[in-house]
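Student: Quick one, structure for this:
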Amino acid sequence: MSSASAAEISVIADGIDGYRARVRDLAELFIGSPQEDLLATLHEAERALRNAHRTMQRAIKLTR
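Tutor: Next up, the predicted model:
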């Protein structure tokens, strides 16, 4: 695999992690609010992004 492809995977992984942090921060705004369904959905999205980030980290390791 080319170093450009590995770099691209790394950039994508960083982006995913950035979105995960943003979703987490947004979810914190709804803790204790009556919108528990929204909070639960945001937590679900955060978990999915965490899993996507881990998967991209594995892909990075496979480029070495």
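
Student: Local confidence estimate at the residue nearest the centre of the chain?
Tutor: Of all residues in the chain, the one closest to the mean position by Cα atoms, centre = their mean is residue 49, 3.1 Å from it. For residue 49, the model assigns a pLDDT of 98.

Student: Give me the phi and psi angles of residue 18.
Tutor: phi -60, psi -40 (degrees, to the nearest 10).

Student: Count the neighbours of it for me.
Tutor: By the criterion of other Cβ atoms under 10 Å, residue 18 has 12 neighbours. Just so you know, the C-beta spots here come from the backbone N, C-alpha and C atoms, and that holds for glycine as well.

Student: can you pull the pLDDT of it?
Tutor: Model confidence at residue 18 (pLDDT) stands at 98.

Student: for this structure, which spans come out with low pLDDT?
Tutor: The model of the chain has pLDDT under 70 over residues 1.

Student: What segments of it are strands?
Tutor: Along the chain, counting by DSSP state E, no stretch forms strands.

Student: check contacts around the residue nearest to the centre of the chain.
Tutor: Listed by Cβ atoms under 8 Å, 6 or more residues apart in numbering, the contact set of residue 49 reads 16-17, 19-20, 23.

Student: hmm, try it at 6 Å
Tutor: 16, 19-20 (Cβ atoms under 6 Å, 6 or more residues apart in numbering).

Student: got the buried residues for stretch 48-61?
Tutor: 49, 52-53, 56, 59 (16 or more other Cβ atoms under 10 Å).

Student: Can you tell me which of the residues you listed is closest to residue 11?
Tutor: Closest approach between the buried residues of stretch 48-61 and residue 11, by Cβ to Cβ: residue 56, at 9.7 Å.
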